[in-house]
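In: The sequence and its predicted three-dimensional model are supplied below.
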Amino acid sequence: MATYAFRIVNVFAESTFGGNPLCVFEDARGLDDTAMQALALQFNLSETTFVFPSDNATAAVRIFTPGYEMRFAGHPTLGTAHVVRELANTGDSLSLEFKAGVVPVVAAGDRWTLTAPHSGAPKTAAAGLPDAEMASLLGLTQDDLAGPPMWVDTGADQLLVPLKTPDAVRRAQPDSSRLDRWPQSSLGRKTAYVFAFDPEQPGKVLVRYFFTKQGGGVAEDPGTGSACANLGGWLLATGHSLPASYQVDQGEFVDRRCRLDLTVTTEGAIRVGGRVIELGRGTVTV
């Protein structure tokens, strides 16, 4: 039996119980894949991370959802960086090694910013369904779409669905009876990131992120950093003027309000940031 320390942090949080919760295991040496997957299921958060030594970065990180491992994800990057800074006494600039590559992360106090692990033009692909059907799967009409849904990959591929108005984002209601029709990512995930630019508040974007759950049905994520990075990729792929900077609001509909800061530089670097708040610490023995 061995004891492992963990911390619970909230990422993209503007208040104690806002943001997207994350469990970070401070030193995962000795845990195999089966144990890490079991611990992620035990905590049953959207992601749990496990910190290891790295020869290429400040630390290496493995990310597990309750059902599978991920190559990269945004809120686990920022939340883990917050923990690693204290553990390794790195100061406000560090790097984390993921299966998707090495990701630089910087902080200003408790606000962290990552640079997405992509180079050159983002990978994109057609949704694989007619626009009208994709809109219908989200409880919307084709007239609600501001453009064709598309897959975007700046570290983890996700389906982005641009909508004309924030009202359309609020009205989205995925049809869980037709999940067999949803397009799948390269990892076999069925997701949809719906977003709209707010004409009444320039510089703000309202988003929601839907994903299919283990055992069936659709869940909504409160704050999705990798999808926010893919929104930056969408801006690049659609020829948006650069540099670009947005405040991305998410989590309103699951009572976990999140604020994500998105910047795309003139050179095409995509940066996603937000505040991290530590909530608690503990240990498990396995």
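Out: Arrived safely, thanks for sending.
In: Residues in contact with stretch 139-146: which ones?
Out: 131-132, 135, 161-165, 168, 171-175, 196 (C-beta atoms under 8 Å, 6 or more residues apart in numbering). Quick note: C-beta positions are derived from backbone N, CA and C, even for glycine.
In: For PyMOL, write the selection for the buried entries among those.
Out: A single PyMOL command selects the buried members of those (16 or more other C-beta atoms under 10 Å):
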select buried, resi 135+161+162+163+165+168+172+174+196
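In: for the stretch 101-250 of the chain, what are the low-confidence residue spans?
Out: For the stretch 101-250 of the chain, applying pLDDT under 70 flags the ranges 119.
In: what ranges do the helices span in it?
Out: 131-137, 166-171, 225-237 (DSSP state H, counting those that start in this stretch).
In: Tell me which of those approaches residue 52 most closely.
Out: Among the helices of the stretch 101-250 of the chain, the nearest to residue 52 by C-beta to C-beta is helix 225-237 (20.4 Å).
In: As CSV, could you dump the C-alpha coordinates of the closest one?
Out: In CSV, the C-alpha atoms belonging to helix 225-237 read as follows (Å, rounded to 0.1, in the frame of the first residue of the first chain):
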residue,chain,number,x,y,z
GLY,A,225,-9.8,25.3,-22.1
SER,A,226,-8.9,23.0,-24.9
ALA,A,227,-12.1,23.9,-26.8
CYS,A,228,-11.4,27.6,-26.1
ALA,A,229,-8.0,27.1,-27.7
ASN,A,230,-9.8,25.5,-30.6
LEU,A,231,-12.0,28.6,-30.8
GLY,A,232,-8.7,30.4,-31.4
GLY,A,233,-8.0,27.9,-34.1
TRP,A,234,-11.4,28.6,-35.6
LEU,A,235,-10.5,32.3,-35.7
LEU,A,236,-7.3,31.5,-37.6
ALA,A,237,-9.0,29.0,-39.9
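In: Can you mark which positions in that helix are buried?
Out: Neighbour-count burial for helix 225-237 flags 225-237 (criterion: 16+ other C-beta under 10 Å).
In: Show me how far stretch 12-32 is from its chain's centre.
Out: 13 Å (C-alpha atoms, centre = their mean, to the nearest Å).
In: Now for the closest residue to residue 166 other than its chain neighbours, how many residues are close by?
Out: Excluding the flanking residues, the one nearest residue 166 by C-beta to C-beta, 6 or more residues apart in numbering is residue 206, at 4.3 Å. Counted with other C-beta atoms under 10 Å, the neighbours of residue 206 add up to 21.
In: follow-up on the earlier one: figure out which of the helices of the stretch 101-250 of the chain is closest to residue 180.
Out: Judged by C-beta to C-beta, the one of the helices of the stretch 101-250 of the chain that comes nearest to residue 180 is helix 131-137, at 10.4 Å.
In: quick one: average pLDDT of stretch 60-72?
Out: Across stretch 60-72, the average pLDDT comes to 93.
In: Name the residues of it that come out as buried.
Out: By neighbour count with 16+ other C-beta under 10 Å, stretch 60-72 contains the buried residues 60-66, 69-72.
In: residues in contact with the residue lying closest to residue 268 once chain neighbours are set aside?
Out: Nearest residue to residue 268, sequence neighbours excluded (C-beta to C-beta, 6+ apart): residue 236, at 5.8 Å. Contact analysis of residue 236 by C-beta under 8 Å, 6+ apart lists 121-122, 242, 264, 268, 270.
In: Quick check: residue 236 vs residue 138, distance?
Out: Using C-beta to C-beta, to the nearest Å, one gets 24 Å for the distance from residue 236 to residue 138.
In: could I have stretch 13-25 exported to PDB, CA atoms only?
Out: The C-alpha coordinates for stretch 13-25 follow below in PDB (Å, rounded to 0.1, in the frame of the first residue of the first chain):
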ATOM      1  CA  ALA A  13     -12.900  30.500 -11.300                       C
ATOM      2  CA  GLU A  14     -13.900  34.000 -10.300                       C
ATOM      3  CA  SER A  15     -15.400  32.800  -7.000                       C
ATOM      4  CA  THR A  16     -14.700  30.000  -4.500                       C
ATOM      5  CA  PHE A  17     -17.300  27.600  -5.900                       C
ATOM      6  CA  GLY A  18     -17.100  28.800  -9.500                       C
ATOM      7  CA  GLY A  19     -14.800  27.400 -12.200                       C
ATOM      8  CA  ASN A  20     -14.200  23.800 -13.400                       C
ATOM      9  CA  PRO A  21     -13.000  21.500 -10.600                       C
ATOM     10  CA  LEU A  22      -9.800  19.500 -11.000                       C
ATOM     11  CA  CYS A  23      -8.000  16.900  -8.900                       C
ATOM     12  CA  VAL A  24      -4.200  16.900  -9.100                       C
ATOM     13  CA  PHE A  25      -2.100  14.100  -7.700                       C
END
